[in-house]
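> Sequence and predicted structure are below.
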Amino acid sequence: MRYFLDVEFNGFGGEVISLALVPEDRDAAEFYEVLGCADPVPWVAAHVMPVLGREKRPRAEVVQRLAAYLQEESHPIVMSDWPEDIAQLALLMITGPGWRMPSEQITMELLDLPLFDSEGLSATPHNALSDARAFRDYMLAQERAPSWAPGTKV
C-alpha cells in the first residue's frame, strides 16, 4: 500500500518536529506523531508549533511506534513531494550507531509535483497530518482524472 508522507521540521536542515503517514486506503489507520521543538526558528514558531494538535513524545517512543506502524504492511511504499521529508523519515529509522529500525522492505518515491500546493489544499496548513491528507487526496484525484487531451472526442 502507498503511504503519503509529510514532515514538519525546524527550518532548513533542522530537527524533525512532527511526521505523518497517511495510507492510500481511507479506512486504514494513519500515523501522526509529534517530537516537539525546544528552540523553533521564528517561522516555525509562528506557523507550525501552534497547529501541532498533539502532545510531544520522546524520539525513542516515536521510532518504536513508527516501526510498529510500518511493519503492519509487508512492503509499504512511501510517497513524498519533498526530498527533506524522506531524509527526515530515514533519519528517524536510525536508532543508534550501526542500528536501525526493523523493517523488511520500504520503498520511497519522490514525486515532482509543481502544481501541488499543500498550503492551499490542506485543512490546517503546516500540520503534517493535514498536509499528508491533502497530498493523498491530490494524488488520488490526479490518478482518477481523465487521461485524454483537451479537444479530443470521447
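Yep, that arrived.
> all strands of the chain, in order?
Using DSSP state E, the strands of the chain run over residues 2-9, 16-23, 31-34, 77-80, 94-96, 99-100, 107-110.
> export those strands to CSV and tack on mean pLDDT?
What follows is the strands of the chain, written out as CSV (pLDDT from 0 to 100):
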stretch, mean pLDDT
strand 2-9, 98
strand 16-23, 98
strand 31-34, 98
strand 77-80, 98
strand 94-96, 88
strand 99-100, 90
strand 107-110, 97
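> Turn these into a markdown table, including distance to Gly120 and mean neighbour count.
Quick note: C-beta positions are derived from backbone N, CA and C, even for glycine. A markdown table is the format used below for the strands of the chain (distance: least, C-beta to C-beta, whole Å; neighbours: other C-beta atoms under 10 Å):
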| stretch | distance to Gly120 | mean neighbour count |
| --- | --- | --- |
| strand 2-9 | 14 | 25 |
| strand 16-23 | 18 | 24 |
| strand 31-34 | 21 | 21 |
| strand 77-80 | 18 | 20 |
| strand 94-96 | 34 | 11 |
| strand 99-100 | 36 | 10 |
| strand 107-110 | 21 | 13 |
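> Turn these into JSON lines, including distance to Ala132.
As requested, the strands of the chain are exported to JSON lines (distance: least, C-beta to C-beta, whole Å):
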{"stretch": "strand 2-9", "distance to Ala132": "4"}
{"stretch": "strand 16-23", "distance to Ala132": "4"}
{"stretch": "strand 31-34", "distance to Ala132": "8"}
{"stretch": "strand 77-80", "distance to Ala132": "9"}
{"stretch": "strand 94-96", "distance to Ala132": "22"}
{"stretch": "strand 99-100", "distance to Ala132": "23"}
{"stretch": "strand 107-110", "distance to Ala132": "14"}
